[in-house]
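Q: here is a sequence together with a model predicted from it:
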Amino acid sequence: MTRRPLEIIGQRFGRLTVTRDSGRRDSSGTILWRCLCDCGRMHQARGWHLKRGRVRSCGCLRVEANRTRLARMRARTTATTTGVIS
């Protein structure tokens, strides 16, 4: 019995919007979906990764989170070295 592919074209998952089936499959035969990220980049992801929230962006979300975390750490370090504790 074969599984019916997910009907997810046009749906949004985090920052990704599914545009089409990429025509590619992973090693287990799972469809790789072509998605457009809010930042403008294209990304391929498995449908079940999208549905379960495992993939939410092309990678730009991680970059932004790291940038925010680094700025917060720098502010904390500067505050403690100048004697100001928040």
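A: Thanks, I have it.

Q: for the chain, give me the ranges with low pLDDT.
A: The model of the chain has pLDDT under 70 over residues 1-6, 79, 81-86.

Q: excluding chain neighbours, what is closest to Thr30?
A: Ranked by Cβ to Cβ, 6 or more residues apart in numbering and with sequence neighbours excluded, the top spatial neighbour of Thr30 is Arg46, at 5.1 Å. The C-beta positions use only the backbone N, C-alpha and C, and glycine is treated the same way.

Q: residues contacting that neighbour?
A: Shown in contact with Arg46 (Cβ atoms under 8 Å, 6 or more residues apart in numbering): Asp26, Thr30, Ile31, Leu32, Trp33, Val55.

Q: nearest to Leu16, of these?
A: Distance to Leu16 across those (Cβ to Cβ) is lowest for Val55, with 6.9 Å.

Q: in a helix, the closest one, correct?
A: No. Using DSSP: H, G, I helix; E, B strand; the rest coil, the assignment for Val55 is coil, not a helix.

Q: spit out the contact partners of it.
A: Val55 is in contact with Phe13, Gly14, Leu16, His43, Ala45, Arg46, His49, counting by Cβ under 8 Å, 6+ apart.
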